[in-house]
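Q: build me a structure from this.
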Amino acid sequence: MAVQDLTIGKALNLALRTAMEGDDKVLVMGEDVGKLGGVFRITDGLQKDFGEHRVLDTPLAESGIVGTAIGLAMHGFRPVCEIQFDGFIFPAYDQIVSQLAKLHYRSQGKVPMSVVIRVPFGGGIGAVEHHSESPESLFAHVAGLKVVACSNPVDAYWMLQQAIACDDPVLFFEPKRYYHSAALKAPVDTTATPDPLFTSRVVREGTAATLVSYGPSMKVCADAAVAASEEGTQLEVIDLRTLSPLDLAPVFESVRRTGHLVAVSEAPSESSITSEIAARVQQECFYSLEAPVLRVTGFDTPYPPARVEEYFLPDLDRVLHAVDRSLAW
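A: Numbers count the residues shown, from 1 in each chain. So this is what the prediction gives:
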């Protein structure tokens, strides 16, 4: 069927399957991605259908996974690496920043780096240390990398395929707490024409204030907009989708109408995506702003133990409080 009701996890699985069927140079590699189907089951069934030569179970060595992918890309393959949990990506940081991000540029475009690194990110699953992080700002700062984050099944399906087709290295951040959420299940038309990959999108129109976010924080923004509307306040909600390059044109347009902006992210606020949004909106929309740009983020601490993560993550009350503060300025 062209239209299927899918969770984010199922949409990602279907996207990988579709990309592998369309191009035999697409490989999937990572820890437990084969026989087990990944710890979140995103690669479930792929090794059975495509074989061990295209769905590779790797050693527990993230640096080796990415280094191998770089070599494969040099020889024309399009590897898709799975980092099992966000906090496990740091052993691969040297390979990503020193090699993956620079080879295309160093070679004057002669060596494409068609590598996708899938990263389950964010909190909300009650995990132990190193299993819940929001490292996206680190990679968005690195020249030569593309960084995107999906927040719903439709984008999960299309954006992953577009990332695989891209000749630049793409870090693909996925909201792991919503992989199998029935609340976010949605119809995915596999024959539709998708939005371009590196673009943001207005997902709810409004006039009072603008909410901008990405990935797992999009749900809390959507819930905040619904709650605010019940009290007569119409919030415009924008899903960034792309973190590097940032597509802020829809944000500028929205802020010029609403005069208020609240940026939301689970990542710490210091030197972050939300910092960049605030700086650029101030530059472009200074005379339209009726209040300072406000931010609702994780705190500037290491990610806390699971039993207190609910106090760390942006929630409905914190977002609505920021909207109220902005509108009362």
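
Q: which residues of the stretch 101-250 of the chain fall in strands?
A: 116-121, 146-149, 170-175, 186-189, 201-204, 209-213, 235-239, 242-244 (DSSP state E, counting those that start in this stretch).

Q: dump the ones you listed into CSV; add mean neighbour count and mean pLDDT as well.
A: The way it works is simple: take the backbone N, C-alpha and C, and place the C-beta from them, glycine included. Formatted as CSV, the strands of the stretch 101-250 of the chain follow (neighbours: other C-beta atoms under 10 Å; pLDDT from 0 to 100):
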stretch, mean neighbour count, mean pLDDT
strand 116-121, 26, 98
strand 146-149, 26, 98
strand 170-175, 27, 98
strand 186-189, 16, 95
strand 201-204, 16, 98
strand 209-213, 29, 98
strand 235-239, 25, 98
strand 242-244, 23, 98
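
Q: any idea which of the ones you listed gets closest to Ser265?
A: strand 209-213 (6.3 Å; C-beta to C-beta).

Q: list the contacts of the closest one.
A: 200, 220-221, 224-225, 233, 235-240, 251, 254-255, 258-265, 277, 319, 323, 326-327 (C-beta atoms under 8 Å, 6 or more residues apart in numbering).

Q: and the angle from that strand to strand 235-239?
A: With axes from the mean of the first three to the mean of the last three C-alpha atoms, to 10 degrees defining the directions, strand 209-213 sits at 20 degrees from strand 235-239.

Q: sheet-wise, list the partners of strand 209-213 with their directions.
A: Sheet pairing for strand 209-213, assigned by DSSP bridges, gives strand 235-239 (parallel), strand 261-268 (parallel).

Q: now tabulate the ones you listed in TSV and tack on distance to Phe77.
A: Formatted as TSV, the strands paired with strand 209-213 follow (distance: least, C-beta to C-beta, whole Å):
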stretch	distance to Phe77
strand 235-239	31
strand 261-268	32
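
Q: nearest to Phe173, out of these?
A: With C-beta to C-beta as the criterion, Phe173 lies closest to strand 261-268 of the strands paired with strand 209-213, at 10.4 Å.

Q: can you list the weak-confidence ranges in the stretch 1-150 of the chain?
A: Within the stretch 1-150 of the chain, the stretches with pLDDT under 70 are 1.
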